[in-house]
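Student: what follows is a predicted structure for the sequence shown.
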Amino acid sequence: MSSSLTFDRVSRMFGQSEVLSDVSLTVPARSLVALLGASGSGKSTLLRIASGLDAPSSGSVLVDGQDASAVPAENRGIAVVFQKPLLFPHLTVVDNVAFPARMAGVTRREARSQALEFLDLVQLGGFARRMPGQLSGGQEQRVSLARALAAQPRILLLDEPFSSLDSRLTDDMYELVGKIRAELEPTIVLVTHDRREASVLADTIAVLDEGTILQHGPVPELHYQPATRAVNRILGGLNEVPGHAAGGFHTSVLGRVRVQPGVPDGPALLVVRQEALRLIRNDDGGTSSGDEAPTGVVTEVKSMGAHVLVRVRVESAPGSGSTAVESIAVELAGAPALRAGDRVGVSLAGGQGWVVRA
Amino acid sequence: MAPRARALLIAAPAVLPVALVLTGALVAALLQSLGLLPIIGEPEFSTAAWDADGELLLATGISVYIAAASTVLSVVVGFLIAAYVLTSGVSSRVLAVLSAASVPIPHLVAAGAMGLLLSDAGFLARVFGMPSGFPGLVGGRGWGAAILEFGWKESAFVALVLVGSMARSAGGLCEAAATLGASAKQRMLHVLLPLALPALGVSALVVFVYTLGSYEAPWLLGPVSPEPLPVRAVRLFGSIDLTARPEAMATALASVVVGLAAIGAGLLLLRRVRGWR
Ligand SMILES: Nc1ncnc2c1ncn2[C@@H]1O[C@H](COP(=O)(O)OP(=O)(O)O)[C@@H](O)[C@H]1O
Ligand SMILES: [Mg+2]
């Protein structure tokens, strides 16, 4: 029952401002694609166009390769869970979930018994007879999800459905999404501004910025091989080290690093995830061979809970002919005994780098 | 002092005079209708004004009919207007125009316009060129023109109340319903209508009580006889025959009684509808 969803050069103007421009994206059947972007980047607009609640100014939406432009929202078989639960206030929880079946002409009795199964799926079977006003925010959102699933959609669109929930509840919801995917295998587009949420749930992430898709790919690719600086920043990358690319190597304060093939010679930014860097304590005063890790001075140690973020001022290796100084961020597990002023070496795990255009 | 008592005390200067005048007037009217407060002569208890050969009962029936028909018409039309405004994305400016166009027009003027439009020598009859076959809306036994006049004016009022009460919730819920497979008609019946019910009930009550006591439209647009309550009350009250005064009071009180009964029944019903709000 799952279908693929394709946006083909979709644009949307509101008056003079172009909120979406030439968005092309394919969501394969049964996959989960996260649409990641800052607030106002056009994510909700794209979902509204997919669901038929809004129409593109140009371009088209294809479901299983068929143009859906002429199909009204109620016949598209695309269900949406909105940021707000939008439960019908005059119906009990079970009747809210039974609503899609009732609209399709199923008897009340039959619709309710189906609804109860979906309520059980979201673990709210015991709340069937309550009114929506008597639920907590997380419960309302789960009912909303059950109601969308009860419509047996070919495609499920989730528009920041968990953004108002606390972190423990969101973890429960992530588990629920996993369970739903295992049991019902719907095609899902998840809109979120939270890169952690996107990374946890999605097969692939599409990064939307100011109405254009910057990059669409598997989760590790987005993190370690971003197409542009903007993608790196949106995915939380903190290090863009300026330097020079030549002959497959990038030279900067971090030294000479082998980079991806096909990089043209010239100025380039080395992108290194803060999680991919290690710090080496130079307790012995730094006496070693020429092929040594670059060193620097710790300027800041910031707690991030179970991790710490360390900022290091790294200078060019002596004798390299450069006087560049860069602040490099390194994220470390545990609680290392580091203080501002400590001298450390910075090492790049794996020794392989990734550059983007400066 | 308990907060409740305090609130009552604060409201008292506003409420007391109104309550006094209202009760005073009602009691005086009651006494007069029973012959106990005659303008001339000795007080003498009599219920004659309350039977008057069944005329009072007939007038009450007519008034209830006009009010009920006008209420149904305005509620249905008002709901349709509101549903259209709320779902078609028409801006609130259109609604402002709509309400500005009809709400401030006095009923007397509206009734006059209706008369010109609908009478059997009126505008529509001439446009359609059927002076003989044109339905007797003005002055006819069905009070058609009066009901249309009330329906026109009050449906704008109903629409205004409904849009105001649902503007925030209706759009999102209708969109959610659409993505769940509800057709436009189903969204109207299964989402908008239940959502509108409390406000619809209150405005229906207001329209019913208002049209029950409204004088101009039935007076201008209805037949000379029989008469609904307000027309009868005004005629008897203005009569040079001073003995008609008890009947005028009984007629006025009858509309008060029907109005109060409607409000009581309406509020009871609304309490049940309101449960989920
Ligand atoms: N109906 C509309 N009319 C005018 N502008 C709109 C409308 N809907 C959205 N926008 C604009 O489009 C941009 C993207 O909105 P939206 O898709 O809701 O962003 P996101 O969901 O990514 O936060 C915003 O700048 C918003 O102001
Ligand atoms: Mg949004």
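Tutor: In hand now; what should we look at? All figures in this text were calculated on a predicted structure; none of them were measured in a lab. Numbering: from 1, shown residues only, chains lettered A, B, ... in the order given. Ligands and ions are numbered 1, 2, ... in the order given.
Student: number of nearby residues for the residue of the stretch 151-300 of chain A at minimum distance from chain B?
Tutor: Going by CB to the nearest CB, chain B is nearest to residue A:151 of the stretch 151-300 of chain A, at 4.9 Å. Bear in mind the C-beta positions are built from the backbone N, C-alpha and C, glycine included. By other CB atoms under 10 Å in any protein chain shown, the residues close to residue A:151 number 23.
Student: that one touches residue B:180, doesn't it?
Tutor: Yes - between residue A:151 and residue B:180 there is a contact at 4.9 Å, judged by CB atoms under 8 Å.
Student: low pLDDT regions in chain B?
Tutor: Applying pLDDT under 70 to chain B flags the ranges B:1, B:52, B:89-96, B:98-100, B:130-134, B:274-277.
Student: list the residues that contact both of residue A:151 and residue B:180?
Tutor: Residues touching both residue A:151 and residue B:180 (CB atoms under 8 Å, 6 or more residues apart in numbering or on different chains): A:79, A:100.
Student: mind listing what the residue of the stretch 151-300 of chain A closest to chain B touches?
Tutor: Residue A:151 touches A:77, A:79, A:100, B:179, B:180, B:181, counting by CB under 8 Å, 6+ apart.
Student: nearest residue to the fourth one in space, please, no chain neighbours.
Tutor: In other words, residue B:179. residue A:80 (4.5 Å; CB to CB, 6 or more residues apart in numbering or on different chains).
Student: state whether that neighbour is indeed within a helix.
Tutor: No - checked against DSSP: H, G, I helix; E, B strand; the rest coil, residue A:80 lies outside a helix; its state is strand.
Student: can you pull up the bridge partners for it?
Tutor: When bridges are called by DSSP bridges, residue A:80 pairs up with residue A:157.
Student: count the residues that sit near it.
Tutor: The number of residues near residue A:80, taken as other CB under 10 Å, comes to 30.
Student: isn't it right next to residue A:155, touching?
Tutor: No - in this structure, residue A:80 is not within contact of residue A:155 by CB under 8 Å, at 9.5 Å.
Student: thinking again about what came up before, closest one of the contacts of residue A:151 to ligand 1?
Tutor: Proximity of the contacts of residue A:151 to ligand 1 (CB to the nearest ligand atom) peaks at residue B:179, which lies at 16.2 Å.
Student: so what's the closest one up against?
Tutor: A:51, A:52, A:53, A:73, A:74, A:76, A:78, A:79, A:80, A:148, A:151.
Student: phi and psi next, for the residue nearest to the spatial centre of chain A.
Tutor: Nearest to the geometric centre of chain A sits residue A:198, at 2.9 Å (CA atoms, centre = their mean). When read as degrees, to the nearest 10, the backbone of residue A:198 gives phi -60, psi -40.
Student: that one reaches residue A:204, doesn't it?
Tutor: No - counting by CB under 8 Å, residue A:198 stays clear of residue A:204, with 9.6 Å between them.
Student: what do those two both touch?
Tutor: Joint contacts of residue A:198 and residue A:204 (CB under 8 Å, 6+ apart) are A:34, A:219.
Student: now distance to ligand 1 and pLDDT too, for the contacts of residue B:179, in CSV please.
Tutor: As requested, the contacts of residue B:179 are arranged in CSV below (distance: CB to the nearest ligand atom, whole Å; pLDDT from 0 to 100):
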residue, distance to ligand 1, pLDDT
A:51, 13, 96
A:52, 15, 96
A:53, 11, 95
A:73, 16, 95
A:74, 20, 95
A:76, 19, 95
A:78, 17, 96
A:79, 18, 96
A:80, 13, 96
A:148, 18, 97
A:151, 22, 96
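Student: in ChimeraX, how would I select just the buried ones from the residues you listed?
Tutor: In ChimeraX syntax, the buried subset of those is picked out as below (16 or more other CB atoms under 10 Å in any protein chain shown):
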select /A:51,52,53,73,74,76,78,79,80,148,151
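Student: tell me the one among the contacts of residue B:179 nearest to residue B:37.
Tutor: For the contacts of residue B:179, the minimum distance to residue B:37 (CB to CB) is 65.9 Å, reached by residue A:74.
Student: on that earlier part again, show me what contacts the residue nearest to residue B:179?
Tutor: A:47, A:51, A:53, A:148, A:156, A:157, A:158, A:159, B:176, B:179.
Student: so residue A:47 makes contact with residue A:189?
Tutor: Yes - when contacts are counted by CB under 8 Å, residue A:47 is listed as touching residue A:189 (6.8 Å).
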